[in-house]
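K.L.:
When you get a sec, could you give me coordinates for this:
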Amino acid sequence: MAWLYAIAAALAGALLLCSPARAAEEVVELGGFNGRALLNKPAGKPRVGLVLLTGGDGYVGIGADGSVARAGNWIIRTRAAYARRGIASLAVDGGVDVGRAIAYMRQIAPKVVVVAMSRGSLKVEPSLAHRPDGVVLASSMLPDVKAAVGDPSRLPPTLIVHHRLDTCRVTLADDVEPFAAWAGRRARVVWIDGGTSSGPVCQARAYHGFIGREGQVVGTIASFASALR
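P.N.:
Predicted coordinates for the structure are as follows:
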């Protein structure tokens, strides 16, 4: 039976290598009303840090004890998954200044990427003044982002992640290719297929919220962020 224990030990070691341990989630006070954020870090030095912006009105109700009043948002559901890939993440509540969040993450990781979900993408243009190393637009309001940014040369390397069946009127899948053509080499697109959808098309349980495809989306974002030079 010794060989069974040896195999089990080897598999356990492989799992640890694939999924590095992470520190406990930390509540960060960034000032102002609803100015809290949830920080997740890997045990070692992170290669990159993500600033995670939720959709809707942006308010998720982060308590001083780390509780979350609105936990259904895709950004909130997956916030801890990046640490297992060696990436730090900061999920911010609606009152947090994005520039302050970027500055905070620069103390933690050498590169910072803004990840914006749905209506959270309206905060991308103001974030550009703080020079994030990359931007991820997930189920985003792409015509609004284009209008706000104005000149695609202002964009850092940009990843667009969108579900092919997203029919939310402000994040239509049909808006992706025109935005990508406008952004040119600064952006690339990853399409998401499958999963499930229920309820209002602009809400978290619809294709808009990547239900059933969370792992694929997290992996895609992690690969993009880790590859930045």
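K.L.:
any idea which element the closest residue to Val92 other than its chain neighbours lies in?
P.N.:
Leaving out its chain neighbours, the residue that sits closest to Val92 by Cβ to Cβ, 6 or more residues apart in numbering is Ala37, at 4.3 Å. Quick note: C-beta positions are derived from backbone N, CA and C, even for glycine. Using DSSP states H and E, Ala37 maps to strand 36-40.
K.L.:
who does the one residue sitting closest to the centre of the chain bridge with?
P.N.:
Taking Cα atoms, centre = their mean, the centroid of the chain lies closest to Val115, which sits 3.9 Å from it. Taking DSSP bridges as the rule, Val115 bridges to Leu52, Val136.
K.L.:
my guess is it contacts Leu52, does it?
P.N.:
Yes: counting by Cβ atoms under 8 Å, Val115 touches Leu52, with 5.1 Å between them.
K.L.:
who touches both of the two?
P.N.:
Taking Cβ atoms under 8 Å, 6 or more residues apart in numbering as the criterion, Val115 and Leu52 both touch Ile75.
K.L.:
Poorly predicted segments of the protein, please.
P.N.:
Applying pLDDT under 70 to the chain flags residues 1-23.
K.L.:
quick one, strands of the chain?
P.N.:
Taking DSSP state E, the strands of the chain run over residues 26-29, 36-40, 49-53, 88-92, 112-117, 134-138, 158-163, 187-192.
K.L.:
Same list (those) but as JSON lines, adding distance to Leu128.
P.N.:
Output for those, formatted as JSON lines (distance: least, Cβ to Cβ, whole Å):
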{"stretch": "strand 26-29", "distance to Leu128": "23"}
{"stretch": "strand 36-40", "distance to Leu128": "20"}
{"stretch": "strand 49-53", "distance to Leu128": "13"}
{"stretch": "strand 88-92", "distance to Leu128": "17"}
{"stretch": "strand 112-117", "distance to Leu128": "9"}
{"stretch": "strand 134-138", "distance to Leu128": "8"}
{"stretch": "strand 158-163", "distance to Leu128": "11"}
{"stretch": "strand 187-192", "distance to Leu128": "14"}
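K.L.:
Show me what counts as buried in stretch 108-116.
P.N.:
If you call a residue buried by 16 or more other Cβ atoms under 10 Å, then stretch 108-116 has these buried ones: 108-109, 111-116.
K.L.:
Quick one: distance of stretch 182-193 to the chain centre.
P.N.:
Here the centre of stretch 182-193 is set off from its chain's centre by 16 Å, with Cα atoms, centre = their mean, to the nearest Å.
K.L.:
Stretch 203-222 now?
P.N.:
10 Å.
K.L.:
Quote the end-to-end distance of it.
P.N.:
Its first and final residues considered, stretch 203-222 spans 24 Å by Cα to Cα, to the nearest Å.
K.L.:
what does that stretch contact?
P.N.:
Residues contacting stretch 203-222 (Cβ under 8 Å, 6+ apart): 50, 55, 72-74, 77-78, 81-82, 85, 87, 113, 115, 118, 136, 138-139, 159, 161, 163, 165-168, 171, 190, 192-202.
K.L.:
Please indicate which of those are buried?
P.N.:
50, 55, 73-74, 77-78, 81-82, 85, 87, 113, 115, 118, 136, 138-139, 159, 161, 163, 166, 168, 171, 190, 192, 195, 197, 201-202.
K.L.:
Thanks a lot, see you next time.
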